[in-house]
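> Sequence first, then the predicted structure, then my questions.
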Protein chains: 2
Amino acid sequence: MAGKQAPTSNRSGTRSNHDAESLLAVAVEVFNRRGYDGTSMAEVARAAGITKSTIYHHFSGKEQILRVAVSRALDGLFSVLDERGAKTGPADQRLRHVVVSTALTLTRELPYVTLLLRVRGNTPTEVWAMDRRREFDRLVAGMVDAAAAARGGGPAVDPRLATRLIFGMVNSITEWYRPDRGEDSGQVAEAVAVIALEGLWGKDGGIGAELQARLRDAPSSPSAARQRGIS
Amino acid sequence: MAGKQAPTSNRSGTRSNHDAESLLAVAVEVFNRRGYDGTSMAEVARAAGITKSTIYHHFSGKEQILRVAVSRALDGLFSVLDERGAKTGPADQRLRHVVVSTALTLTRELPYVTLLLRVRGNTPTEVWAMDRRREFDRLVAGMVDAAAAARGGGPAVDPRLATRLIFGMVNSITEWYRPDRGEDSGQVAEAVAVIALEGLWGKDGGIGAELQARLRDAPSSPSAARQRGIS
């Protein structure tokens, strides 16, 4: 991660939340609440209970705070693609791993990913962050393509469109997920994967263990099958 | 819809985009680009190429512009629930209709829905708009419940969580959809429904015509079925 993030020694001996890490957390909270463009360094200082000059001990300016914050989110997302589950196994299982792990990363780094998703390209750092997001999307779309190719039939939906929609669903978690309400991030991430991928491959792609068992037991008579409610 | 929206006679005889409707469109574009909180009436006037006093011929203030704009989005969303397809037929087909029609409404009223999704509750109008959004979500979650009950087995995912995720996917369309790029809104809306609903009911819920045909033709021998790659 870029920037001066390690807590520095606190010469004035005031509260511990003056270190760079907690200052970053406060700044990101204010950016998310008021908008990055609409937030001044004076407002960040006020929210942190310190002076502007104390902020400048840690960060060169508002733009550097943004860069450090969105770097944390981007580093988290890109590291998903380097995980073992994203690099080994069948293509559709690798894709599933990336969907689940991206959702988990989002819940773990919630304020930072929220900020990343809200930048709009008004400053050089915002443009850089949006480029990095697009690069991530491009790599994941490649995984959808690979999974589609491996399955032969391909997905029921255009891979680029499917990628946008599925990661739109993942990103929408930032709109309502609050860890302090005790919501289970693992359950949320698993729900995303179920909705996204058992739908992605179309009508007969989601066939799982239970249906496979019913298929193995299926009688030869179509009418008997209908009576059992299968067809 | 609330507010003075009908174009008024233009006493100064200047350009036609001074009427309330086009002023609204300009204001919403600026709000979406700069953030509602961060935009002054002076900036709206500058973007519209008119004076602030001309704006006040049409709207009582910034808050009223916001109210008219988000009302348009909310009216569009709530009218989906009154459509014939949302009120007749099997519960899961009603739900599918709402998913598709909500996505279409979003693409049709894109700037207005985008603004609605970005309000954060900093003013009374924003609080009101968020309450209305929650009411819409509550009604749709009820449709998910009804569809789950009608299917007996229920969805593979908790209905409230599924509602949030599916409409998170729908809403995410505002992040990238641009009608002037020739993207087909019908294709996008259909893709959302395919991903959302063929996954929503879990592994054996998405079983469709093709698989039903294969089930009807299924041989009685499990090993033969396996050889054909079904199980």
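Ah, there it is. Numbers count the residues shown, from 1 in each chain, chains lettered A, B, ... in the order given.

> Just give the nearest non-adjacent residue to residue A:192, would you?
Of all residues not flanking residue A:192 in the chain, residue A:103 sits nearest, at 4.9 Å (C-beta to C-beta, 6 or more residues apart in numbering or on different chains). The way it works is simple: take the backbone N, C-alpha and C, and place the C-beta from them, glycine included.

> For that neighbour, which three-state class applies?
Per DSSP: H, G, I helix; E, B strand; the rest coil, the secondary structure class of residue A:103 is helix.

> just residue A:157 next, same as before
Under three-state DSSP, residue A:157 comes out as coil.

> Give the closest residue to it in space, chain neighbours not counted.
Residue A:157's closest residue in space is residue B:191 (C-beta to C-beta, 6+ apart), at 4.4 Å.

> Please apply the same query to residue A:133.
Going by C-beta to C-beta, 6+ apart, residue A:133 has residue A:116 as its nearest residue, at 6.9 Å.

> I'd like to know how many residues surround the one you found.
Neighbourhood size, residue A:116 [other C-beta atoms under 10 Å in any protein chain shown]: 26.

> so who does it touch?
Going by C-beta atoms under 8 Å, 6 or more residues apart in numbering or on different chains, residue A:116 touches A:69-70, A:73-74, A:129, A:133.

> can you list those in JSON lines and add neighbour count?
As requested, the contacts of residue A:116 are exported to JSON lines (neighbours: other C-beta atoms under 10 Å in any protein chain shown):
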{"residue": "A:69", "neighbour count": "30"}
{"residue": "A:70", "neighbour count": "27"}
{"residue": "A:73", "neighbour count": "24"}
{"residue": "A:74", "neighbour count": "21"}
{"residue": "A:129", "neighbour count": "24"}
{"residue": "A:133", "neighbour count": "19"}
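
> Report the distance from the lengthiest helix in chain A to the chain centre.
For chain A, the longest helix by residue count, based on DSSP state H, is helix A:124-151. Mean-position distance between helix A:124-151 and its chain equals 12 Å (C-alpha atoms, centre = their mean, to the nearest Å).

> Would you confirm that residue A:170 contacts residue A:103?
Yes - using C-beta atoms under 8 Å, residue A:170 is in contact with residue A:103, at 5.1 Å.

> any residues in contact with both of these two?
residue A:192.

> Give the residue spans of chain A that score low on pLDDT.
A:1-18, A:153-155, A:199-231 (pLDDT under 70).

> Tell me who's in contact with residue A:121.
Per C-beta under 8 Å, 6+ apart, neighbours of residue A:121: A:127, A:130.

> Let me see the backbone angles for it.
phi 90, psi 20 (degrees, to the nearest 10).

> coming back round to it: which other helices and strands contact the longest helix of chain A?
Contact analysis of helix A:124-151 by 3 or more C-beta pairs under 8 Å, 6 or more residues apart in numbering or on different chains; DSSP states H and E lists helix A:62-81, helix A:91-108, helix A:159-172 as its packing neighbours.

> What is the neighbour count of residue A:50?
Other residues near residue A:50 come to 20 when the count uses other C-beta under 10 Å.

> scratch that, residue A:173 is what I was asking about
The burial count for residue A:173: 24, using other C-beta under 10 Å.

> Surely it and residue A:103 touch.
Yes - Residue A:173 lies in contact with residue A:103 (C-beta under 8 Å); the separation is 6.3 Å.

> Excluding chain neighbours, what is closest to the most centrally placed residue in chain A?
Note on chain A: the residue nearest the mean C-alpha position is residue A:106, at 3.9 Å, using C-alpha atoms, centre = their mean. The shortest distance from residue A:106 to any non-neighbouring residue, by C-beta to C-beta, 6+ apart, is to residue A:113 (4.8 Å).

> Residue A:126 too?
residue A:119 (4.1 Å).

> With residue A:129 as the reference, measure out to the one you found.
The gap separating residue A:119 from residue A:129 is 5 Å, by C-beta to C-beta, to the nearest Å.

> Likewise for residue A:38?
18 Å.

> same question, residue A:186
Noted for residue A:186: a distance of 28 Å to residue A:129, by C-beta to C-beta.

> Residue A:70 now?
Distance, residue A:70 to residue A:129, using C-beta to C-beta: 4 Å.

> joint contacts of these two?
With C-beta under 8 Å, 6+ apart as the test, residue A:70 and residue A:129 both reach A:116, A:119.

> about what we covered before: what residues are shared contacts of residue A:119 and residue A:129?
A:66, A:70.

> Just checking, which helix or strand succeeds whichever strand or helix holds residue A:46 along the chain?
Per DSSP states H and E, residue A:46 falls inside helix A:41-48. For helix A:41-48, the following helix or strand on the C-terminal side (DSSP H and E) is helix A:52-58.

> name the helices or strands packed onto that following helix?
Applying 3+ C-beta pairs under 8 Å, 6+ apart, one finds that helix A:52-58 contacts helix A:20-34, helix A:41-48.

> And what about residue A:89, helix, strand or coil?
Recorded secondary structure, residue A:89: coil (three-state DSSP).

> Could you pull up phi and psi at it?
phi 90, psi 180.

> Contact partners for it?
Contacts of residue A:89 by C-beta under 8 Å, 6+ apart are residue A:97.

> ditto for the one 10 residues further on
For residue A:99, the contact set (C-beta under 8 Å, 6+ apart) comprises A:166, A:170, A:189, A:192-193, A:196-197.

> If we use 6 Å, what do you get?
Applying C-beta atoms under 6 Å, 6 or more residues apart in numbering or on different chains, we find residue A:99 in contact with A:193, A:196.
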